[in-house]
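Peer 1: predicted coordinates and the sequence they were generated for:
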Amino acid sequence: MTKTELNAAIRLLDDPDKQVYGIVMDKLFSQGLEIIPPLTQVLTSEGVSTLMRSRIESILSKLEFEDISGNFKTWQKDDGDLLKGFWYLSRLQYFSQSFEEAQNLLNSIQMPFSPHELSNYSDMEKVKILNHFIFKQLKFRVTLPEQYFEPQYCYLQEVFQKRKANPVSMGLVYLLLAKRMNLPIVGINLPKIFITAMTYSSNQNISFYINPSNEGAVFSRQEITRFLSQNNITAKNEFFQPCSNSTVILRLLTHLEYSLKTKKMFSKASCVSKLLKTFDNQLDKDTNWL
């Protein structure tokens with residue numbers, strides 16, 4: 001599509017005829033992500049009618065969703081990199097953010113020690129060192145309960161810049177920084193509160209559990225069983241075992257969906273709902289995850 005054709009097509013977005021709009025929308029949508037910059041430029045210019053603004057926003061939303069959805073489908077096949085999954089999710093709010101920018105947010109955190117320097121410490125000591133680094137030096141913290149469902153704390157950019165997270169995104173931060181220390185810490189998809197666990201280096205058997213939402217407090221399997229009982233949740237083996245990166249992101253998307261609904265941001269919540277359905281693995285609908 002030439003620049004002249006593009007400008008003509010964009011002008012037709014102001015045509016009240018729905019049939020004309022349908023034809024124009026399909027033509028613009030067929031241009032893929034290349035159409036986003038010129039549409040965004042029109043959207044931010046003065047004198048844009050309410051009708052045109054609404055239609056441009058609809059096209060942009062559809063294009064962005066299709067791109068994110070397609071990326072997630074590919075990412076799931078190999079249970080992709082956790083940071084990349086966090087980035088894909090965050091593009092629901094910050095679509096233009098590049099993966100390099102996401103990497104820079106993580107890499108900007110200077111580790112005060114190398115994995116080799118930790119080799120002579122016990123697993124418990126390593127976790128204490130990690131906890132001190134994350135919660136005392138970097139000052140990451142979980143939001144107050146009344147802020148748990150603020151959507152912003154589901155997005156990578158917001159979490160790393162503000163050093164505040166909800167219980168699920170705090171778990172992601174914990175896993176990402178543990179990985180930089182080469183610690184065999186994994187995610188545990190426990191209902192109501194996402195946790196992590198230290199595993200033995202030779203396999204994925206659990207050594208002990210860790211609660212990133214409580215500054216990395218360590219606890220046992222028996223305490224998880226008691227927690228489930230207190231919350232009237234039937235204990236399942238999967239609640240005690242390492243989960244996939246895909247499940248971690250699925251859990252955060254579920255949290256985001258609910259957060260958007262509580263803020264009455266129904267259009268974006270609907271996009272998240274559609275995205276959740278594209279995942280091969282699904283959270284048990286009969287379990288209270290929030």
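Peer 2: Received, thanks. Note that the structure is predicted; figures quoted are calculated from it, not measured.

Peer 1: run a quick neighbour tally on Gly70.
Peer 2: By other C-beta atoms under 10 Å, the residues close to Gly70 number 11. Where you see a C-beta, it was placed from the backbone N, CA and C, and this is true even at glycine.

Peer 1: what about it, distance to Leu92?
Peer 2: For Gly70, the distance to Leu92 (C-beta to C-beta, to the nearest Å) stands at 14 Å.

Peer 1: which residues touch Ala197?
Peer 2: Each residue near Ala197 by C-beta atoms under 8 Å, 6 or more residues apart in numbering is listed here: Ile185, Val186, Ile188, Ile206, Ser207, Phe208, Tyr209, Ile210, Pro242.

Peer 1: per-residue pLDDT of it, please?
Peer 2: At Ala197 the predicted local distance difference test score is 97.

Peer 1: again, but for the one 3 residues further on
Peer 2: Per-residue confidence (pLDDT) for Tyr200: 86.

Peer 1: chain neighbours aside, what residue packs nearest to it?
Peer 2: The shortest distance from Tyr200 to any residue that is not its chain neighbour, by C-beta to C-beta, 6 or more residues apart in numbering, is 5.7 Å, and that residue is Ser207.

Peer 1: phi, psi of that neighbour?
Peer 2: In this entry, Ser207 is assigned phi and psi values of phi -90, psi -50 (degrees, to the nearest 10).

Peer 1: next, count neighbours for it.
Peer 2: The number of residues near Ser207, taken as other C-beta under 10 Å, comes to 16.

Peer 1: isn't it up against Thr196?
Peer 2: No - shown here, Ser207 and Thr196 do not form a contact pair, counting by C-beta atoms under 8 Å, at 11.5 Å.

Peer 1: which ones are touching the residue nearest to Tyr200?
Peer 2: Applying C-beta under 8 Å, 6+ apart as the definition, the contact partners of Ser207 turn out to be Asp123, Ala197, Met198, Thr199, Tyr200.

Peer 1: residue boundaries of the helices in the stretch 101-250 of the chain?
Peer 2: Taking DSSP state H, counting those that start in this stretch, the helices of the stretch 101-250 of the chain run over residues 123-131, 156-162, 167-180, 221-230, 245-262.

Peer 1: which one of these lies closest to Gln110?
Peer 2: The closest of those to Gln110 is helix 167-180. By C-beta to C-beta, the value is 10.4 Å.

Peer 1: show residues contacting that closest one.
Peer 2: Helix 167-180 is contacted by residues 82-83, 86, 106, 109, 111, 130, 133-134, 140, 142, 148, 153-154, 159-160, 165, 185-187, 193-196, 210, 212-213, 216, 248, 251-252, 255 when judged by C-beta under 8 Å, 6+ apart.

Peer 1: which helices and strands sit right next to the helix or strand where Glu100 lies?
Peer 2: Per DSSP states H and E: Glu100 is located in helix 99-107. Judged by 3 or more C-beta pairs under 8 Å, 6 or more residues apart in numbering; DSSP states H and E, helix 99-107 is in contact with helix 82-90, helix 156-162.

Peer 1: give me that answer again for 10 Å
Peer 2: Counting contacts by 3 or more C-beta pairs under 10 Å, 6 or more residues apart in numbering; DSSP states H and E, helix 99-107 is packed against helix 82-90, helix 156-162, helix 167-180.

Peer 1: list the buried residues for it?
Peer 2: Using 16 or more other C-beta atoms under 10 Å as the burial criterion, the residues of helix 99-107 that qualify are Ala102, Leu105, Leu106.

Peer 1: any idea how far the last one is from Ile195?
Peer 2: Using C-beta to C-beta, Leu106 is found at 21 Å from Ile195.
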